[in-house]
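> need a structure here:
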Amino acid sequence: AALTVRFLTRRFIGEYGDMEFIYSHNMTVDGREILFHIWDVPNSQQAEEGSSEEKRIQWADSFVLVYSICDRASFNILPLKIQIIKAAKEGQSQEKVPIVIVGNKRDLHHQRVVSSEEGRLLALSLDCGFYEVSAAE
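Numbering: from 1, shown residues only. Predicted structure coming up:
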């Protein structure tokens, strides 16, 4: 949620509840007006099985999967999540689904448990984009 709010408002708010939201946002990209719809799902709700997760996957055109560089479990779940997304989306068409992996909390380097190299290698092995950021900065 912090990363989504930072993207939308350019402000950092450190504490969020455990709720999912859908945001809409207009932005000019390469001279074109783009309307973003962002379905922000907290980590606790991402683990849901069944129709809720399937509905979110079918709804989306692209995916940004965020993990904390300070939380190994949030990183370790990514390969399974990506496998599920690709099976659902790429199984329907021959087009590659855009997926980006984002390591957040780069400012907390002293608490880091997932290296940048691990993130880059995972993204490379799963044919995804990769960034490391800090919502706070």
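
> for the protein, what spans make up the helices?
2-9, 43-46, 51-59, 72-76, 78-90, 116-125 (DSSP state H).

> what is the least confident helix or strand in the protein?
Ranked by mean pLDDT, DSSP states H and E, the weakest helix or strand in the chain is helix 43-46, scoring a mean of 52.

> if we can go back for a sec, can you redo the helices of the chain as a markdown table with mean neighbour count and distance to K96?
Yep, even glycine has a C-beta here, placed from its N, CA and C like the rest. Supplementary listing: the helices of the chain in a markdown table, determined by neighbours: other C-beta atoms under 10 Å; distance: least, C-beta to C-beta, whole Å:
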| stretch | mean neighbour count | distance to K96 |
| --- | --- | --- |
| helix 2-9 | 17 | 23 |
| helix 43-46 | 14 | 22 |
| helix 51-59 | 13 | 15 |
| helix 72-76 | 15 | 23 |
| helix 78-90 | 16 | 7 |
| helix 116-125 | 14 | 14 |
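
> nearest to E33, out of those?
helix 2-9 (15.8 Å; C-beta to C-beta).

> name the residues that touch that closest one?
Residues outside helix 2-9 that contact it (C-beta atoms under 8 Å, 6 or more residues apart in numbering): 11-14, 16, 21, 23, 25, 38, 40, 66, 102, 104, 133, 135-136.

> let me know the closest of the residues you listed to K89.
Closest to K89, out of all of these and judged by C-beta to C-beta, is I38, at 17.3 Å.

> list the contacts of the spatially closest residue to that closest one that is not a sequence neighbour.
Nearest non-adjacent residue to I38, counting by C-beta to C-beta, 6 or more residues apart in numbering: Y23, 4.5 Å away. Under the criterion of C-beta under 8 Å, 6+ apart, the neighbours of Y23 are 4, 8, 36-38, 40.
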